[in-house]
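A.B. asks: My questions concern the predicted model and sequence given below.
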Amino acid sequence: MDDRMVWAGTGGGPLIALPAELASHWRGVEGACHSPRDRDGWREGLDFSGTDYGRACRIDGYLGTLEVGTGRALILNDEPMPTAFLPRAGGGLLVRWMYAEDEGEVLRAVRSIPESTWEATPHGIVASRAGVLLFDSAYPGDDLPTSPGEVASSPWLRLALPAGTYDVDTADHAPDEATRLILHRIRKTISR
């Protein structure tokens, strides 16, 4: 089992995971406009409500899905946390580092998670032959590569998932006072 961790981060908003061929449909913060002036005449900032990023920010909790193009994307919301992907037989783990002393503690926590900690969610993802990309939802998806070997203009990860349909389970795992992870287990959907 290769537990080498490469981390994707965010500037403060949600992360998105979506099939690579749908990336060009994700527009991030494009279309944001200035919010109305407050009563003192000062601008409050940008209004993201009409953007894809705004849609992602409306996801309640750690995990949700949104329609993107002809498919769906997973949205990893709540707090901005560095996130890594660990491939596993039949899928993998999205490891979100809420707090821990170092990466060694993160790996120790991942290896110690009891099966009873996992909770099934109604969410899933379809991985295509082009793969699944994980990136900051503020970026437009066409800033990202759609084929192996391309260089991106923004930080991202390619999830090593074979093509197929996957279910997603979630765990809030705090094995000690100094370590807490949010984990999303991506596992091949079993035909019913």
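C.D. replies: Arrived safely.
A.B. asks: all contacts plus neighbour counts: C-alpha atoms, from now on.
C.D. replies: Noted.
A.B. asks: A130 against P19, yeah?
C.D. replies: Yes. Counting by C-alpha atoms under 8 Å, P19 is a contact partner of A130 at 7.1 Å.
A.B. asks: More neighbours: which of those two?
C.D. replies: Legend: neighbour count by other C-alpha atoms under 10 Å for A130 and P19, higher for P19 (25 against 17).
A.B. asks: neighbours around the residue nearest to that one when sequence neighbours are not counted, how many?
C.D. replies: What sits nearest to P19 in space, not counting adjacent residues and going by C-alpha to C-alpha, 6 or more residues apart in numbering, is V132, at 4.3 Å. Using other C-alpha under 10 Å, V132 has 26 other residues around it.
A.B. asks: Please apply the same query to the one 4 residues further on.
C.D. replies: Here the number of neighbours of D136 (other C-alpha under 10 Å) works out to 25.
A.B. asks: Please renumber the chain so that the first residue is 389 from this point on.
C.D. replies: I'll keep to 389 as the first residue from here, and by that count the last item is D524.
A.B. asks: Let me see the contact set for it.
C.D. replies: Counting by C-alpha atoms under 8 Å, 6 or more residues apart in numbering, D524 makes contact with 396-399, 401-404, 543-544.
A.B. asks: Can you pull the poorly scored residue ranges out of the chain?
C.D. replies: 389-391, 420-437, 532-542, 579-580 (pLDDT under 70).
A.B. asks: Spell out the residue ranges of the helices in it.
C.D. replies: All helices of the chain, identified by DSSP state H, fall at 440-445, 491-499.
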